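[1] I would like the atomic coordinates for the input below:
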Amino acid sequence: MCKLEVLFDVKHATVSEHISNILASGELDETSVGFSDRSTGGRKPQIYNLDMILSVGYRVNSKRGIAFRKWANNVLKQFILQGYAINEKRLQALKKTVDIQSRMLADALDIEEKDMLRAVNEYTDALILLDQYDHQTLREGFA
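    Here you go, the predicted model:
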């Protein structure tokens, strides 16, 4: 019995149909979705990668499929929210570090601190703007 059938509590035909549809639609490439299990005599792969498991999980209509989708959505939501919060904290810490280093550099080079800070802050602001663009979080007026 295929592990996906057990995981999602569905019949073999259901899993096969979803896998066929996933491959036919081009959602995943057949050469990268699984591993050939030697105990099957070289038949279609019985061990699928995470991409295939996720794709099937988002298609099956069973209680376990629903539970899987709820779990997966919650994990993704937490990752996105916490990942954003962590990146925001890292940006603030980076800005503080840049300010401290620019003061140290200005002292070492005997450059007016005001001019050095202005240049470094403009560079930091540009980095923050690029990061917001990369993460598609630009505020109106910058897009």
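
[2] what's the weakest-modelled helix or strand in this structure?
    strand 34-35 (a mean of 70; mean pLDDT, DSSP states H and E).

[3] tell me what the helix or strand just after that strand is packed against?
    Downstream of strand 34-35, the next assigned helix or strand under DSSP states H and E is strand 47-48. Packed against strand 47-48 by the contact rule (3 or more C-beta pairs under 8 Å, 6 or more residues apart in numbering; DSSP states H and E) you find helix 3-8, strand 34-35. Where you see a C-beta, it was placed from the backbone N, CA and C, and this is true even at glycine.

[4] Tell me which of these is the most buried.
    Ranked by mean neighbour count, the helices and strands packed on strand 47-48 are led by helix 3-8 with a mean of 17 (mean count of other C-beta atoms under 10 Å).

[5] Following the chain onward from that helix, which element is next?
    As assigned by DSSP H and E, the chain's next helix or strand after helix 3-8 is helix 12-24.

[6] Tell me how this structure divides into domains.
    Per automatic domain parsing, the structural domains of the chain span 3-61, 75-134.
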